[in-house]
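Engineer: give the three-dimensional model of this entry:
(one chain, ligands or ions: 1)
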Amino acid sequence: MDFLTIEVIDKAADFIQHQIAIEPRVGMILGSGLGTLADSVEGSVRIEAQDVPGWPKSTIEGHAGRLIIGHLAGQPVFVMQGRSHYYEGYSMAQIGLPVRVMQRLGVEILVVTNAAGAVNPNFEPGDLMLITDHINLLGMAGLTPLRGPNLSEFGPRFPDMGRPYDRKLMDLARDAVKEAGVELREGVYICLAGPSFESPADLRFLKAIGVDAVGMSTVPEVIVARHGETRVLGISGISNKANLDGSTITTHEEVLEAGRVIAPKILELIKGMLRRL
Ligand code: HPA
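Structural biologist: Next up, the predicted model:
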């Protein structure tokens, strides 16, 4: 599937709409090892992602592939427990489908989370990073979910990207962590295609161009969200330090292990932000 059409989006949205009784206001995408957040959603309807027509299925450990629709901190939420990535073989268009469906279901705010490697030497595994901006390196190289006929029902051909991450939501997140006593880093996220982790020279390049954290997701979803004027809050859970000199080894197990420390902190941040909406 190279391009999404309204028909494809609505087939998936209708399938979900028939099973839920609420209109979700906040969408959430839970990254590697962060799926336990979904356990806090109350009164939830659970849908297996593989049953939704056209939905990209997650093929990797740490991504359950479940949709959970219910309430969190008083807000109607649509939670994706796990996501799909470009390296799994999906097109950029398919990776954008879940966000399009959320927009069709009425979602106004998208909270994107991910596991990321720290390029900024001041960041440590277990830290949370508020994503204040991103570098769309894949998009610069031509891999964008907006390629193809513009879906003008959602937004314009040439969407502005001056404020990918919503300033008001960032302020609410800063307030929420202060209350919860959790420290929050801030910085620029970059999405690479993966699945190989970066070489030391890759990482020195990323550091030079102003990257604080690196991962394999999020940016395509944010671009689809902003095309449709969905407001976005982005949080990275720092799972490992970048291996700038080749002295350590990065593994997916390390990423999942860090998720166990990070998930409760992200939950407090998100709940605090939702309470302040
Ligand atoms: N690089 C890319 N993606 C990642 C990393 C990393 O070091 N850690 C978690 N996701």
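
Engineer: residue ranges of the helices in the protein, please?
Structural biologist: For the chain, the helices defined by DSSP state H cover 6-17, 92-105, 137-140, 167-180, 200-208, 219-227, 252-276.

Engineer: is the closest residue to the ligand within the chain bridged to anything, and to what?
Structural biologist: Nearest residue of the chain to the ligand: Gly117, at 2.1 Å (CB to the nearest ligand atom). All C-beta spots, glycine's among them, are computed from the backbone N, C-alpha and C. Beta-bridge partners of Gly117, counted by DSSP bridges, are Val214, Asn240.

Engineer: pLDDT score assigned to Ser91?
Structural biologist: At Ser91, the pLDDT value in this model is 94.

Engineer: just give me the lowest mean pLDDT stretch among the helices of the chain.
Structural biologist: Of all the helices of the chain, helix 252-276 has the smallest average pLDDT, which comes to a mean of 88.

Engineer: how distant is it from the center of its chain?
Structural biologist: Relative to the chain's own centre, helix 252-276 is displaced by 13 Å; criterion: CA atoms, centre = their mean, to the nearest Å.

Engineer: now the angle from that helix to helix 167-180?
Structural biologist: 100 degrees (axes from the mean of the first three to the mean of the last three CA atoms, to 10 degrees).

Engineer: contact partners for the residue most central in space within the chain?
Structural biologist: Centroid-nearest residue in the chain: Val112, 3.1 Å away (criterion: CA atoms, centre = their mean). Val112 sits next to 28-29, 31, 131, 218, 221-222, 225, 232-235 when contact means CB atoms under 8 Å, 6 or more residues apart in numbering.

Engineer: same check, this time on His71
Structural biologist: Counted by CB under 8 Å, 6+ apart, His71 has contacts 22, 41-44, 77.

Engineer: next, format the residues you listed as TSV and append neighbour count.
Structural biologist: As requested, these are exported to TSV (neighbours: other CB atoms under 10 Å):
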residue	neighbour count
Ile22	16
Val41	20
Glu42	10
Gly43	10
Ser44	20
Val77	27
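
Engineer: follow-up on the earlier one: hmm, Glu198 and the residue of the chain closest to the ligand touching each other?
Structural biologist: Yes: at 7.3 Å, Gly117 and Glu198 qualify as touching, with contact defined as CB atoms under 8 Å.
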